[in-house]
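Visitor: Below are the sequence and a predicted model for it; my questions follow.
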Amino acid sequence: MFGSPPAKHPRMQILQTLHALGGEGTLGDLVVITGLSREEIEREVEQLVASGEGQIRVFEHGDVTYHLGKNRPSWRTLGGVRHPRRTARDIAKRRRVWLDRKTLRLIRAREGVISLAELVEQTGLPLAQAEKEMERLARDYGGEPHVSLDGHVVHAFPEVMTSMFSRFAGREPRPAWVRCHDPMVHPRKRRGLRGILRLESFFRFRRVRTVRRYALGHVIETALSGKGVVSLDRTVKFLQARAGKKKVRRSVVEAALRELAREFDAP
C-alpha cells in the first residue's frame, strides 16, 4: 500500500493517488488509499473531468476507472489547489479518514465482506458503538447487509473490491487487542500527549477499558478454537503474559469480562 497522502484538499489527494498508481485507478483503489468517502471522490472527479484534468472510462462489464486527463497536472502544479484554513471539524475528519483507511484494508483482506464481530476485533469499540460505526461505513463506502449461512448479518462492500492492482488485497492491519495503544486514537494525538502516555504505560493494566481490549483477544481466540468457555483464571494469565512485570488486577479483569459478556449476551 502506498504511504498516507498529505493532509490536503481531497482533489489534491485524488490527483496524487492517480499519479502514484500510474495515471489510472478504480473507485475502490481511491477509496482504500485516500480514505475519502465514495461521494467525496465522485464529486471531486466530476470537477477534474470538467477541468480536463481527469477522465472516466466504463468497461463493458460495468467497472469504472478514473484516469488523469489530457491536461495532466505536473507535480509542480499539484500544489495549486487552495483549501480553507483547518478547523477542529477538519482535524476530526482527518482522524476519521486515518481510521477508515485501516478498516478498508481489512475489508479488502476479507474479500469484501466484514461482520460486526470482525469490526469489534479491529477497532476495540464496544458493540453498540461498533454497530453505529458499521452503519456509517456502509453509508460512506457502499456496504450492503446480507444474512450469512449461520444467521448473522454481514456487510459486503463490492465497490471497495474493484481494483486495478490485486497485490493490494492481502495486507491486513493488526486487530485492536495486539496493539499497545488504542487504535481509535490518532497517533499524532498520542504524540502530543507524551507526558500522559508515560503514566498510561504504568496504569495500562489497571483500567477496565484497556484490559477489555486485551481480553477481547483471548475471547476471540477461545471462540475460534471452538472451546466456547472463557474462564477468569485463564484470562488473567493471558493478560499477565502481555503485561510482563506489571501486575494485572483480577478484579479489573473480571469487570472487563463482565462488560464483554453484557455486550455479546454471553451466559
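Guide: It's in.

Visitor: ranges for the helices of the stretch 151-267 of the chain?
Guide: Remark: helices of the stretch 151-267 of the chain, listed N- to C-terminal, are 158-161, 187-191, 194-203, 208-224, 232-243, 250-263; assignment by DSSP state H, counting those that start in this stretch.

Visitor: list the buried ones in the last one?
Guide: Think helix 250-263. Of the residues in helix 250-263, those scored as buried under the neighbour-count criterion (16 or more other CB atoms under 10 Å) are 252-257, 259-260, 263. Every C-beta, even on glycine, is put in place using the N, C-alpha and C of the backbone.

Visitor: Going by distance to residue 117, which of the residues you listed wins?
Guide: residue 263 (10.5 Å; CB to CB).

Visitor: Out of the helices of the stretch 151-267 of the chain, point me to the one whose mean pLDDT is lowest.
Guide: If you rank the helices of the stretch 151-267 of the chain by mean pLDDT, helix 194-203 sits at the bottom with a mean of 47.

Visitor: possible to save the helices of the stretch 151-267 of the chain as JSON lines with distance to residue 28?
Guide: Compiled in JSON lines, those are given as follows (distance: least, CB to CB, whole Å):
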{"stretch": "helix 158-161", "distance to residue 28": "5"}
{"stretch": "helix 187-191", "distance to residue 28": "25"}
{"stretch": "helix 194-203", "distance to residue 28": "36"}
{"stretch": "helix 208-224", "distance to residue 28": "28"}
{"stretch": "helix 232-243", "distance to residue 28": "36"}
{"stretch": "helix 250-263", "distance to residue 28": "31"}
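
Visitor: Measure how far the longest helix belonging to the chain is from the centre of its chain, please.
Guide: Determined from DSSP state H, the single longest helix within the chain is helix 88-109. Centroid displacement of helix 88-109 relative to its chain, using CA atoms, centre = their mean, to the nearest Å, is 5 Å.

Visitor: How about stretch 122-142?
Guide: For stretch 122-142, the distance from its own C-alpha centre to the chain's C-alpha centre is 10 Å (CA atoms, centre = their mean).

Visitor: Kindly report the same for stretch 207-218.
Guide: 19 Å.

Visitor: quick one: contacts for residue 256?
Guide: Under the criterion of CB atoms under 8 Å, 6 or more residues apart in numbering, the contact partners of residue 256 comprise 208, 211-212, 215.

Visitor: now it: how far from residue 116?
Guide: Going from residue 256 to residue 116 by CB to CB, to the nearest Å gives 19 Å.

Visitor: do residue 136 as well
Guide: As defined by CB to CB, residue 136 lies at a distance of 13 Å from residue 116.

Visitor: How many neighbouring residues does the nearest residue to residue 104 once chain neighbours are set aside have?
Guide: What sits nearest to residue 104 in space, not counting adjacent residues and going by CB to CB, 6 or more residues apart in numbering, is residue 32, at 4.6 Å. A count of nearby residues for residue 32, using other CB atoms under 10 Å, gives 26.

Visitor: Next one, pLDDT for residue 32 please.
Guide: In this prediction residue 32 is given a pLDDT of 87.

Visitor: Wait, it touches residue 105, no?
Guide: Yes: between residue 32 and residue 105 there is a contact at 6.5 Å, judged by CB atoms under 8 Å.
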